[in-house]
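# I would like the atomic coordinates for the input below:
(chains A, B, C and D)
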Protein chains: 2
Amino acid sequence: MAKLDLFKFVPFRLNRLGAEVSAALSSEYRERYGLDIPEWRVIATLGFRNEACSAQYIAQCTRTHKSTISRAVTSLMERQLIERVENADDRREFRLAMTRRGTALYEELIPRLLRREQEILSCLSAQERKEFARLLGKIEDNLGLVQASQPMSEAEAY
Amino acid sequence: MAKLDLFKFVPFRLNRLGAEVSAALSSEYRERYGLDIPEWRVIATLGFRNEACSAQYIAQCTRTHKSTISRAVTSLMERQLIERVENADDRREFRLAMTRRGTALYEELIPRLLRREQEILSCLSAQERKEFARLLGKIEDNLGLVQASQPMSEAEAY
DNA sequence: TTTAGATAGTTGCAAGTGAGACTATCTCGC
DNA sequence: GCGAGATAGTCTCACTTGCAACTATCTAAA
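Have a look, this model is predicted:
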């Protein structure tokens, strides 16, 4: 008879670990800065790329639904953490960019998050971390998840 | 200036991968058997353990909120996939167990899910899979996710 | 025995999110 | 230029889920 041990089943483990790690980090951006996950993803994307980009681009990069990104953008604009300008070339879309306040928040938040990441991975040696990242990359690749570290054009985004 | 590349940030990658893998598997239990994730977790826990167990136990094992498990249990009982009996020793709790129908579904579903898991991991060699599982285990351990109630086999200890 | 606190499970409520409709705009073929 | 189809972003609706209150029951200590 076929059996399946949930604790050895990789899909379950990844789902559980993903949720757990998110919860562990959310205290940094939620409790301290009032950001939820979609808002943090917008900030993270805009902060990493220096140039302004569209909501659609952020949605594709982060695999987040466009309506969710839309709400996050509205909220961040209300708090003046990001701003947007019409794109003269294509008036359907807006170019999003961080404000000075948004950038300040970003620079304060990033070191905290990187420290948390280090804590989570502190149980692995440098070699193991490298290996873990490599294996994660192979699986992401196999599932067709975007994993470019370089900024990509909209054309490549999908 | 501190920067953070979302695509290299392990918490983001784990969260995204966990969601993606869940979505890839959900077609098996949702579209074919009408189970959602909490229901599947109840079935998986009861199917793996031979003895009946409580809703609370399932909630703890799977790190799912007890109200979510409660709703899943109600739904599964309505479909006669599981049944429950009062525990004479402690009348607050119920002992949950699979029905014949539930067991039949379980045995039909498990091979499909294991096949999906293999597909997801097909990009890794046998050695790499073992290593990935080992590293996952270390991180789970570091976050306190290891379940003491289900002792790990020697195989997982490596 | 009584009572205070803990625990199992259920339920009402509110927040978050995805699907998909909708508007406005762009692109391409004619 | 014109119309069909594609695309960016917003909005409504329905669904899911976590939280917290609630009931019922158990445990332990006075």
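
# which residues touch the residue lying closest to residue A:94 once chain neighbours are set aside?
Distance criterion C-beta to C-beta, 6 or more residues apart in numbering or on different chains; nearest residue to residue A:94, sequence neighbours excluded, is residue A:84 at 4.1 Å. No exception for glycine: its C-beta is placed from N, CA and C like everyone else's. The contact partners of residue A:84, taken as C-beta atoms under 8 Å, 6 or more residues apart in numbering or on different chains, are A:73, A:77, A:94, A:95, A:96, A:97.

# quick one: secondary structure of residue A:84?
On the three-state scheme (DSSP: H, G, I helix; E, B strand; the rest coil), residue A:84 is labelled strand.

# who's it bridged to?
residue A:96 (DSSP bridges).

# how about the nearest residue to the residue of chain A found nearest chain B, chain neighbours excluded?
For chain A, the residue closest to chain B is residue A:18, as judged by C-beta to the nearest C-beta, at 2.8 Å. Sequence neighbours aside, residue B:18 is the residue nearest to residue A:18 in space, at 2.8 Å (criterion: C-beta to C-beta, 6+ apart).

# in chain A, which spans are strands?
A:82-86, A:94-98 (DSSP state E).

# Mind exporting the C-alpha coordinates of the last one to PDB?
This file holds the C-alpha atoms of strand A:94-98, laid out as PDB (Å, rounded to 0.1, in the frame of the first residue of the first chain):
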ATOM      1  CA  PHE A  94       2.600  54.500 -15.200                       C
ATOM      2  CA  ARG A  95       6.200  54.600 -14.300                       C
ATOM      3  CA  LEU A  96       6.700  53.900 -10.600                       C
ATOM      4  CA  ALA A  97       9.600  55.200  -8.600                       C
ATOM      5  CA  MET A  98      10.500  55.500  -5.000                       C
END
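
# before we move on, back to that, for DNA strand C, find the nearest of the strands of chain A.
Minimum separation from DNA strand C across the strands of chain A (C-beta to the nearest atom of the strand) falls at strand A:82-86, 9.0 Å.

# If you average the pLDDT over the closest one, what comes out?
The average of the pLDDT scores along strand A:82-86 is 95.

# Show me what counts as buried in it.
Neighbour-count burial for strand A:82-86, counted by 16 or more other C-beta atoms under 10 Å in any protein chain shown, picks out A:82, A:83, A:84.

# closest to residue B:67 among the residues you listed?
Distance to residue B:67 across these (C-beta to C-beta) is lowest for residue A:82, with 35.6 Å.

# Return the members of the contacts of residue A:84 classed as buried.
A:73, A:77, A:94, A:95, A:96, A:97.

# quick one: which two of these are the most distant?
Largest separation among the buried ones among the contacts of residue A:84 by C-beta to C-beta: A:77 and A:95, giving 12.8 Å.

# picking up where we left off before, contacts only, for the residue nearest to residue A:18.
By C-beta under 8 Å, 6+ apart, the residues touching residue B:18 are A:14, A:15, A:16, A:17, A:18, A:19.

# okay, residue A:155: pLDDT?
32.

# Give me every residue in chain A lying close to DNA strand D.
A:54-57, A:59, A:66-67, A:70, A:73-74, A:90, A:92-94, A:154 (C-beta under 7 Å from any atom of the strand).

# can you rerun that using 10 Å?
For chain A, the residues in contact with DNA strand D (C-beta under 10 Å from any atom of the strand) are A:19, A:23, A:53-60, A:65-74, A:77, A:84, A:86-87, A:90-96, A:154-155, A:157-158.

# If any of the residues you listed are buried, put those into a ChimeraX selection.
Buried subset of these, written as a ChimeraX selection, criterion 16+ other C-beta under 10 Å:
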select /A:19,53,54,55,56,57,58,59,60,68,69,72,73,77,84,93,94,95,96,157
